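Enquirer: After the sequence you'll find the predicted model.
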Amino acid sequence: MPNLFPQVGIGTGALVGEKRKGSVKFRRSPKFNHSLGEFATTQTGRIAECTDTEAWLEWCQKALRTERYAHLVYSRAYGQEYEDLVARHLSRQANEMEIVRITTETLKVDPRTADVRHFTFEWKNSECSFQCEITNVRGEQKNIKGSVVIS
């Protein structure tokens with residue numbers, strides 16, 4: 001009689017759902033100039049391309065700038081929900097905790113993102129600017145910035 005509880009993957013050293021270095025594909029993408037709001041171009045007028053790691057960083061920056069559920073072109077898992085913080089009237093500490101949670105959830109949707117940590121916050125009136133360290137599955141660490149207007 002066949003085993004009712006087969007042990008698939010035992011002995012490979014990989015847990016179910018674990019992101020392994022070689023199993024996640026990194027690809028190139030068009031380079032976007034976030035300050036100008038348009039694609040970057042080369043001297044010949046062609047759209048510039050990002051390397052694989054730069055493409056991951058571009059994805060992270062875009063995900064943090066895109067409101068979740070606002071655009072039909074994106075899946076329901078893409079983007080952030082910072083707008084919900086306005087109506088909740090939380091304290092600064094609670095807002096910071098929610099920013100950490102929302103940012104982490106937003107960035108970890110991408111299988112290339114392994115970790116999001118080391119948040120720092122700076123408040124100016126009702127605007128909270130933050131910075132955090134993100135790590136991809138290759139072990140490369142980068143800093144990324146974002147901001148949230150609360151009120």
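Expert: The structure has been received and is ready for your questions. None of the values given here were measured: they were computed from a predicted structure.
Enquirer: CA atoms for contacts and neighbours, from now on please.
Expert: Noted.
Enquirer: Now do the host helix or strand of residue 56: which elements does it pack against?
Expert: Residue 56 belongs to helix 52-65 when assigned by DSSP states H and E. In terms of contacts (3 or more Cα pairs under 8 Å, 6 or more residues apart in numbering; DSSP states H and E), helix 52-65 is packed against strand 29-30, helix 92-107, strand 141-149.
Enquirer: okay if I get those as TSV plus distance to residue 69, mean pLDDT and mean neighbour count?
Expert: Compiled in TSV, the helices and strands packed on helix 52-65 are given as follows (distance: least, Cα to Cα, whole Å; pLDDT from 0 to 100; neighbours: other Cα atoms under 10 Å):
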stretch	distance to residue 69	mean pLDDT	mean neighbour count
strand 29-30	24	85	17
helix 92-107	13	94	17
strand 141-149	17	93	15
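Enquirer: JSON lines for these, including distance to residue 68?
Expert: Written out in JSON lines, the entries for these read as follows (distance: least, Cα to Cα, whole Å):
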{"stretch": "strand 29-30", "distance to residue 68": "22"}
{"stretch": "helix 92-107", "distance to residue 68": "9"}
{"stretch": "strand 141-149", "distance to residue 68": "14"}
